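*Asks:* Give me coordinates for this.
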Amino acid sequence: MTGSAAGAPPLPGVSPMESLTWSVPGLEEDPSLCLRCRSAQLLCGKPICPILLKYRAFERTLPMVPGTELDGSSPPGLFVGRFGYPSVSAGPLLSPQPDAPELLDTPEEWVGRSVEEVVGFRTGLVRGTFRLRVTDAERPIPWLEELQLLGLAAGTVDSEATFRRPPRGHLALSDSTPPFGPSAPIERVHLDVRRLDPHLDRLSSDVHANARVAVGELYTRGVRVSRIQRAFSVGTLGRRGRRRLVPTRWSITAVDDLLSKQNVERVKQLPELSEITVHRLTALDNRWVIVLLPGPYRYESIEAWYPNTLWNPSPTSIVVIGDHEGYDGRTTYASIGGCYYAARLAVSEALLREGRQAGVVVLREVHPGEILPLGVWNVREHVRAALRRPPERLAALSDLAEVIRSSFAIPLEHWWRASAVLHDARTQRRLDEWN
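*Replies:* Predicted coordinates for the structure are as follows:
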């Protein structure tokens with residue numbers, strides 16, 4: 001154990017929950033940038049024009065659905081919206097092509113793909129929508145029953161759909177618009193689900209297991225996290241009387257949170273790591289450094305967003321934000337949202353593989369190449385990928401400064417200032433150092 005309390009103390013004068021913002025010299029705001037550029041010069045600093053990328057994606061998909069009829073397939077995939085909750089918009093994700101590959105809605109397979117490919121997967125699926133109450137999951141109408149079976153499907157599902165109007169896409173001049181494909185309200189749909197995942201089918205039939213137990217059992221049986229999240233979202237898991245439709249965004253974070261908490265409880269029974277190790281990865285213009293420190297379990301995730309990036313549209317300022325937890329976990333929702341829990345799941349899996357508990361710091365520097373919101377899978381799967389790489393072993397914490405300096409464009413002192421766990425490691429003496 002360390003000489004300090006299990007939860008790392010806040011930095012002097014700076015709360016780890018606060019965002020740190022500072023300007024980059026030489027960059028000035030210009031509201032006319034897009035009009036002057038028109039994608040020709042990439043004046044925003046992004047490697048690809050996000051507006052043009054979305055336009056080209058719709059240009060490929062919309063001609064395949066010229067009217068209100070679509071005969072195709074589902075990877076399988078579905079989406080439950082959150083606006084208007086507890087009345088939500090839900091429906092299948094449909095491909096105009098027969099035998100749509102599962103790849104289109106399987107983020108575990110997207111590591112190593114380009115931004116253009118991932119956006120193509122998302123925008124190549126037509127989103128059908130139907131208004132439902134979240135409590136309808138308990139006694140589903142026939143249409144919702146088909147959607148729930150889709151959430152349990154083991155592979156591609158043939159589909160026929162009639163929309164109330166031709167599907168259309170919405171192009172917004174905003175980096176906050178997710179790259180969804182065209183959408184339209186559904187008049188009628190038939191989903192030909194011929195084969196169910198046996199694990200999902202069994203847990204869906206168990207009306208006495210609560211959602212936490214069902215999610216954990218599916219995970220231990222090797223069901224992919226994205227499949228568990230899909231089944232959770234469409235209200236097929238949990239006790240009778242408690243099943244609900246869960247907006248997709250919420251279901252993703254809920255499953256990441258539940259599974260990582262279960263993993264961490266097992267991690268805390270393991271012996272402590274005895275050395276400092278580092279894992280690095282660069283993907284989709286994100287730079288990752290994951291640091292594992294000797295000692296009891298602690299966890300921190302910090303994101304630094306460069307100017308002109310997705311969630312930092314300012315052309316002049318860098319923003320750093322992070323959250324952390326000590327040995328006993330946390331009781332409040334992380335300020336950086338679902339990314340915190342997605343990375344914690346990946347980290348907990350790696351610690352279980354290594355058979356060690358440790359303090360873990362996930363550092364992520366986001367550059368302008370991340371031009372569209374891709375989802376928290378980006379964090380979960382790339383932290384997983386980084387932690388599967390052979391580690392770099394450091395002799396002392398002082399060596400970490402050079403690792404951070406050589407990995408990131410943002411100056412070292414800003415990372416030191418933002419990190420509560422690294423501050424604790426640098427300033428607190430371990431009890432075994434006095435022996």
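*Asks:* so which strand or helix has Pro373?
*Replies:* Element membership for Pro373 (DSSP states H and E) is empty, with no helix or strand holding it.
*Asks:* so it makes contact with Leu310?
*Replies:* Yes - the pair Pro373 and Leu310 passes the contact test of C-beta atoms under 8 Å, sitting 6.1 Å apart. In this view, the C-beta of every residue, glycine as well, is placed from N, C-alpha and C.
*Asks:* between those two, who's got more neighbours?
*Replies:* Leu310 (18 against 15; other C-beta atoms under 10 Å).
*Asks:* Now the phi/psi pair for the more buried one, please.
*Replies:* phi -50, psi -60 (degrees, to the nearest 10).
*Asks:* Go through stretch 270-286 and flag the buried ones.
*Replies:* Glu272, Leu273, Ile276, Thr277, Val278, His279, Arg280, Leu281, Ala283, Leu284, Asp285, Asn286 (16 or more other C-beta atoms under 10 Å).
*Asks:* and if you look at stretch 71-91?
*Replies:* In stretch 71-91, residues buried by neighbour count (16+ other C-beta under 10 Å) are 72-81, 88-91.
*Asks:* now, which of the buried residues of stretch 270-286 sits nearest Val157?
*Replies:* Proximity of these to Val157 (C-beta to C-beta) peaks at Leu284, which lies at 29.2 Å.
*Asks:* Spit out the contact partners of that closest one.
*Replies:* Ser114, Val115, Val118, Gly369, Glu370, Leu374, Asn378, His382 (C-beta atoms under 8 Å, 6 or more residues apart in numbering).
*Asks:* From the residues you listed, which land in helices?
*Replies:* The helices, defined by DSSP state H, take in Val115, Val118, Asn378, His382 from the contacts of Leu284.
*Asks:* if I look at the second one, how far off is His382?
*Replies:* Put plainly, it is Val118. Separation of Val118 from His382 (C-beta to C-beta, to the nearest Å): 12 Å.
*Asks:* And those two? Which one has more around it.
*Replies:* Here Val118 and His382 are compared on neighbour count by other C-beta under 10 Å; more neighbours surround His382, at 23 against 19.
*Asks:* Spit out the contact partners of the residue lying closest to Gly241 once chain neighbours are set aside.
*Replies:* The shortest distance from Gly241 to any residue other than its chain neighbours is 6.8 Å, reached at Glu138 (C-beta to C-beta, 6 or more residues apart in numbering). Residues in contact with Glu138 (C-beta under 8 Å, 6+ apart) are Gly235, Arg240, Gly241, Arg243, Arg244.
*Asks:* Buried by neighbour count: which residues of the helix or strand harbouring Leu144 qualify?
*Replies:* Element membership for Leu144 (DSSP H and E) is helix 142-152. Using 16+ other C-beta under 10 Å as the test for burial, helix 142-152 gives Trp143, Leu144, Glu146, Leu147, Gln148, Leu149, Leu150, Gly151, Leu152.
*Asks:* Show me which of these is closest to Trp415.
*Replies:* For those, the nearest to Trp415 is Gly151 (40.7 Å; C-beta to C-beta).
*Asks:* Look up the closest residue to that closest one, ignoring the ones flanking it.
*Replies:* That would be Val234: by C-beta to C-beta, 6+ apart, it lies 3.8 Å from Gly151.
*Asks:* Check that neighbour and give its pLDDT.
*Replies:* Val234 carries a pLDDT value of 98.
*Asks:* my read: it touches Gln148, true?
*Replies:* Yes - using C-beta under 8 Å, Val234 is in contact with Gln148, at 5.1 Å.
*Asks:* which residues do those two both contact?
*Replies:* In contact with both Val234 and Gln148: Ala137, using C-beta under 8 Å, 6+ apart.
*Asks:* if we can go back for a sec, in the buried residues of stretch 270-286, find the pair that's most separated.
*Replies:* Glu272 and Asp285 (34.9 Å).
*Asks:* Can you pull out the low-pLDDT segments for the stretch 1-150 of the chain?
*Replies:* For the stretch 1-150 of the chain, the stretches with pLDDT under 70 are 1-66.
*Asks:* got the contact list for the closest residue to Phe83 other than its chain neighbours?
*Replies:* Computed as C-beta to C-beta, 6+ apart, the closest residue to Phe83 that is not its neighbour in sequence is Ser89, at 7.2 Å. By C-beta under 8 Å, 6+ apart, the contact set of Ser89 is Val80, Gly81, Phe83, Thr129, Phe130, Arg131, Leu132.
*Asks:* Just the ones of these in strands?
*Replies:* Judged by DSSP state E, strands contain the following of these: Val80, Thr129, Phe130, Arg131, Leu132.
*Asks:* Would you list the buried entries among those residues?
*Replies:* Applying 16+ other C-beta under 10 Å to these flags Val80, Thr129, Phe130, Leu132 as buried.
*Asks:* Which stretches in the stretch 1-150 of the chain count as strands?
*Replies:* With DSSP state E, counting those that start in this stretch, the ranges of strands along the stretch 1-150 of the chain come out as 20-23, 69-74, 78-80, 87-94, 126-133.
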